[in-house]
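[1] Sequence plus the predicted model coming up.
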Amino acid sequence: MSTSPPVRVVVAKPGLDGHDRGAKVVARALRDAGVEVVYTGLHQTPEQIVETAIQEDADAIGMSVLSGAHMTLFARVIDLLRERDASDIVVFGGGIVPEADMPELTEMGVAKVFTPGATTGEIITWVRENLGTTAPA
């Protein structure tokens, strides 16, 4: 019986936002659920995030954006992935994102945005259902 390798997710804090508690909580919850997590730390540029995802052979990038720069940061990461022929890396995230911005984020290629109040259980379930993790429930 063959098992597929665990899903690998890069959790990133782009830009100047220094609030990383939520990103760390999500990273830990995903790890505890059997996902391989690479946490980049604070103040990452989109270029650094994409480079890490490619080097780590990540299945997804999960970005935490609380600064209000979500439209620019998500767009830049997606553009860089496209430029590097790495569009197969799924981009999702969380943060303070107005409902009015959701359609444009979806259109640009963001797979999912978790807003305040989302539980770690919801995030884990989404990762399992959308990235194919074989982690136990």
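    Received the coordinates, thanks.

[2] tell me the average confidence for the longest helix belonging to the chain?
    When the chain is scanned for its longest helix (criterion: DSSP state H), the result is helix 70-83. For helix 70-83, mean pLDDT is 98.

[3] which of the residues in the helix or strand just after that helix are buried?
    Per DSSP states H and E, the first helix or strand lying C-terminal to helix 70-83 is strand 90-95. Using 16 or more other C-beta atoms under 10 Å as the test for burial, strand 90-95 gives Val90, Val91, Phe92, Gly93, Gly94, Gly95. Yep, even glycine has a C-beta here, placed from its N, CA and C like the rest.

[4] where in the protein is pLDDT low?
    1-3, 133-137 (pLDDT under 70).

[5] which residues of it fall in helices?
    Under DSSP H, the chain gives helices at 21-32, 46-55, 70-83, 102-108, 120-131.

[6] Next, format those helices as JSON lines and append mean neighbour count.
    Putting the helices of the chain into JSON lines (neighbours: other C-beta atoms under 10 Å) gives the following:
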{"stretch": "helix 21-32", "mean neighbour count": "17"}
{"stretch": "helix 46-55", "mean neighbour count": "19"}
{"stretch": "helix 70-83", "mean neighbour count": "19"}
{"stretch": "helix 102-108", "mean neighbour count": "13"}
{"stretch": "helix 120-131", "mean neighbour count": "16"}
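
[7] Would you tell me which of these gets closest to Tyr39?
    Comparison of the helices of the chain against Tyr39 by C-beta to C-beta identifies helix 21-32 as nearest, at 4.7 Å.

[8] buried residues in stretch 33-45?
    Applying 16+ other C-beta under 10 Å to stretch 33-45 flags Ala33, Gly34, Val35, Glu36, Val37, Val38, Tyr39, Thr40, Gln44 as buried.
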